[in-house]
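Visitor: how would this look folded up:
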Amino acid sequence: MDGMSGGDKLMEHLKSITKGLSSGDDLKVGFLEGAKYPDGTPVALVAATNEFGGTVKIPAHTRDLNFYVRRDGVSRFAKPSKANFAQSVMIPEHIVTIPSRPYFRKTISEHGPEWGGELGKLMKANDFDARKSLALMGERIKGQIQSSIIAFSEPPNAKSTVDKKGFNDPLIDSAHMLNSVDYEVKE
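Guide: Numbering: from 1, shown residues only. The predicted model follows:
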């Protein structure tokens, strides 16, 4: 705050601060409306299922199994690029159980108590510009949620999931959910 003298200047400055604080700006951080996977599934639905656990009904579908068949007739499963034979199989409808992986609640419990003080410091550093301060706070919380998603490891993926993905990172597959964490400041 600039040095100032006189009651009128002080009142004018306080009014400008009050106007900025009472602008009605609102910060939302997480998986915002409209974020979807390429197949149209809302990211928030997948994120909530990962956070709280649940069951997912997988509809019946066909899948190609790829094999490499040697000249002597012995075959083994193979990646599509290494296969010389493929067979389509019907996989019946089934239920997959997703365990709770509370990455979001962990972020809130670890960092939430600091957010009020951090926002206060940002407000002061930004001359009480609420919109700018909330945007900076949104960026900070977004990063904290993403860090929690990356660091989360328990419970681990099922062996079948690890085999399919090629790695055991419970909350990351395509990184679409991770990259969909966002924030918005609305009036």
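
Visitor: switch to C-alpha atoms for all contacts and neighbour counts from now on
Guide: OK.

Visitor: Which positions within the biggest strand by length in the chain qualify as buried?
Guide: Ranked by residue count and defined by DSSP state E, the top strand of the chain is strand 61-69. Buried residues in strand 61-69, defined by neighbour count with 16 or more other C-alpha atoms under 10 Å: 66, 67, 68, 69.

Visitor: Other residues contacting it?
Guide: With contacts defined as C-alpha atoms under 8 Å, 6 or more residues apart in numbering, strand 61-69 is touched by 75-80, 82-93.

Visitor: Give me the buried entries from those residues.
Guide: Listed as buried from the contacts of strand 61-69 are 78, 83, 86; burial here means 16+ other C-alpha under 10 Å.

Visitor: following the least confident helix or strand in the chain by mean pLDDT, which helix or strand comes up?
Guide: When the helices and strands of the chain are scored by mean pLDDT, DSSP states H and E, helix 7-21 comes last with a mean of 66. Using DSSP states H and E, the helix or strand that directly follows helix 7-21 along the chain is strand 26-30.

Visitor: now the angle from the helix or strand just after that following strand to strand 26-30?
Guide: Counting by DSSP H and E, the next helix or strand C-terminal to strand 26-30 is helix 43-52. Using axes from the mean of the first three to the mean of the last three C-alpha atoms, to 10 degrees, one finds that helix 43-52 and strand 26-30 are set 70 degrees apart in direction.
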